[in-house]
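**Q** got a sequence here, can you model it:
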Amino acid sequence: MKAVEIQFLGGAGTVTGSKFYIKTPEIKIMIDCGLFQGIKSLRETNWKKLPISPAQIDVVLLTHGHLDHTGYLPKLVKEGFKGKIIASAPTLHIAQIILRDSGKIQEELAEKANKEGFSKHDPALPLYTVKDVEKVFPLFESTYLDDWVDLGPDIRCRFRYNGHIIGATFIELDLYGKIFVFSGDVGRQQDYLLDPPKKPKWADYLFLESTYGDKKHPEEDVGLRMSELIGDTIKKRGTLIIPTFAVERLQSIMYLLWQLHRKNKIPNIPIFVDSPMGTNILEVFAKFPDWHKLSSKEYWAMFNHFNIIESYADTWNTIDDPRPKIVIAGSGMVTGGRVLTYLKQLVDNNSTTVLLVGYQAEGTRGRKLLEGAEFIKLFGKEHPVKARIEHMESLSAHADQGELIIWLKNISNIPEKIFLVHGEPDAQYMFKNKLKEEFGWKCQIPNLFDQEIIFISNSSN
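**A** You can find the predicted model right below:
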């Protein structure tokens, strides 16, 4: 009899901070290693010591490169982790870009806190530095899709294509003959740039994301709606600001706008892309053509259609440009990035439209705008919101409730246990009921730091 201990160190009762710790007699594994984002109480959790020893972890397996799945890696290494970090090659490239950006932001936040004296710590220190980030990369080891990777006696894993963002996978972990499936973030059935996710065929234990477990994305003509917003922007001689996630959403929006222009559905309005990290992600698309639908010719035609902002001075030149225009800028939940500079100057203008795309986590500026906030705090000062606020959920990179059900339908057995993770409580409870109705499956909704022990008999070997 083998005892497998599982601890939910993140992604439990929230959509951020994904970290799942698996302890077996032979090996200690962490699935994903993300930062908490959103409300203050969650962000403060990033600073607390883990209830496990990072030095004792043997290997980290990453489903994909987003910050809420990789952003804690520098702190893990700083606290003693020396094992391998295994993922698909595009995921590791994206993680390098995102972590370098995160390290820089951590340093800038500490510098700002010290300069303005708003931290209770003297001096305020970054969660980790760019130097800490660089120590992570020598531990990276890429693997191919669908190939089993041996981790120890009777323990192996494989990574399977999952849509969502370039490089994203779900993970099948074979422990002593039992299959543990970690969904990561499941992608859409229809995506501008990516193929539909592969589906698991067997899951003894299932760790299932539930971000949109309570919703179905609206069926809307995205091109028509985008054309209408652009037409309104031109009429008002204003600015359409699209806060965007640097990975996948930015590239998808670029593709959509490029296609609309090619088909003469929108006029030749200037479009500015102001996301240094997003521009770097575009290079990942060029490097890994087998991971997306674009041909090399299409990629470069799309890329050349946009004005790529390369300096902060260009950001201000774009703000001062009197022409009607579209600005695509990070970050997607309006938590940081260049989009804050645009909003500071333009959110109090009723000729401005802000188009939110994708999920807006609790406690973020994006969620506040979505919920009708009359004021928004930017760089320490409240600004009145006079801009028109729009939201397109159908541009989300996450599977909705119906697509999650489709993703599950190829599983031929009844999982022994299902854990709903990576979702807010309301979404999880509704999805729990839906899975009971659809499959007769019973689910558990773990809380942060909950532990579970699973006993696997030797006959499973």
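
**Q** what's the burial count for H391?
**A** Counted by other CB atoms under 10 Å, the residues lying close to H391 total 16. In this view, the C-beta of every residue, glycine as well, is placed from N, C-alpha and C.

**Q** wait, it sits on L370?
**A** Yes: taking CB atoms under 8 Å as the definition, H391 is a contact partner of L370 at 5.7 Å.

**Q** which neighbours do these two share?
**A** Counting by CB atoms under 8 Å, 6 or more residues apart in numbering, the common neighbours of H391 and L370 are 356, 360.

**Q** got the residue ranges for the strands in the stretch 101-250 of the chain?
**A** Under the criterion DSSP state E, counting those that start in this stretch, the stretch 101-250 of the chain carries strands at the ranges 140-143, 149-152, 155-161, 169-175, 178-182, 205-209, 239-243.

**Q** now E116: how far from A124?
**A** Note on E116: its distance to A124, by CB to CB, to the nearest Å, is 10 Å.

**Q** typo on my end, E393
**A** 37 Å.

**Q** kindly report the same for N458.
**A** 53 Å.

**Q** residue contacts, the nearest residue to L125 once chain neighbours are set aside?
**A** Among residues not flanking L125 along the chain, A110 sits closest, at 5.7 Å (CB to CB, 6 or more residues apart in numbering). Counting by CB under 8 Å, 6+ apart, A110 makes contact with 119, 123-126.

**Q** any chance of those residues in a markdown table, with pLDDT and distance to I454 too?
**A** Output for the contacts of A110, formatted as a markdown table (pLDDT from 0 to 100; distance: CB to CB, whole Å):
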| residue | pLDDT | distance to I454 |
| --- | --- | --- |
| S119 | 64 | 42 |
| P123 | 83 | 45 |
| A124 | 82 | 42 |
| L125 | 89 | 39 |
| P126 | 92 | 38 |
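
**Q** what is the nearest of those to N433?
**A** Closest approach to N433 among the contacts of A110 (CB to CB): P126, at 42.5 Å.

**Q** correct me, but that closest one touches A113?
**A** No: the pair P126 and A113 does not pass the contact test of CB under 8 Å, sitting 9.5 Å apart.

**Q** just to revisit the earlier point, higher neighbour count, E116 and A124?
**A** Between E116 and A124, counted using other CB under 10 Å, the more crowded position is A124 (17 against 10).

**Q** test my guess that that one contacts E108.
**A** No: counting by CB under 8 Å, A124 stays clear of E108, with 11.3 Å between them.

**Q** about what we covered before: among the contacts of A110, who's most crowded?
**A** Counting neighbours by other CB under 10 Å, P126 leads the contacts of A110 with 19 neighbours.

**Q** for the record, mean pLDDT for stretch 434-452?
**A** Averaged over stretch 434-452, pLDDT sits at 96.

**Q** roughly how far does K265 sit from S88?
**A** 35 Å.

**Q** likewise G213?
**A** Separation of G213 from S88 (CB to CB): 25 Å.

**Q** closest to K386 among the contacts of A110?
**A** Closest to K386, out of all of these and judged by CB to CB, is S119, at 32.0 Å.

**Q** give me the buried positions along the longest strand seen in the chain.
**A** Under DSSP state E, the strand in the chain containing the largest number of residues is strand 2-10. Neighbour-count burial for strand 2-10, counted by 16 or more other CB atoms under 10 Å, picks out 2, 4, 6-10.

**Q** before we move on, what about stretch 293-305?
**A** 294, 299, 302-303, 305.

**Q** got it, and stretch 450-461?
**A** Of the residues in stretch 450-461, those buried by neighbour count under the rule 16+ other CB under 10 Å are 454, 456.

**Q** who touches that stretch?
**A** The contact list for stretch 450-461, computed with CB under 8 Å, 6+ apart, reads 1-8, 12, 154, 175-178, 205, 417, 419, 444, 446.

**Q** which stretches in the stretch 1-150 of the chain count as helices?
**A** Secondary structure of the stretch 1-150 of the chain (DSSP state H, counting those that start in this stretch): helices at 40-45, 67-70, 73-78, 89-116, 130-134.

**Q** most packed of those?
**A** For the helices of the stretch 1-150 of the chain, the largest average neighbour count (mean count of other CB atoms under 10 Å) is found in helix 67-70, namely a mean of 26.
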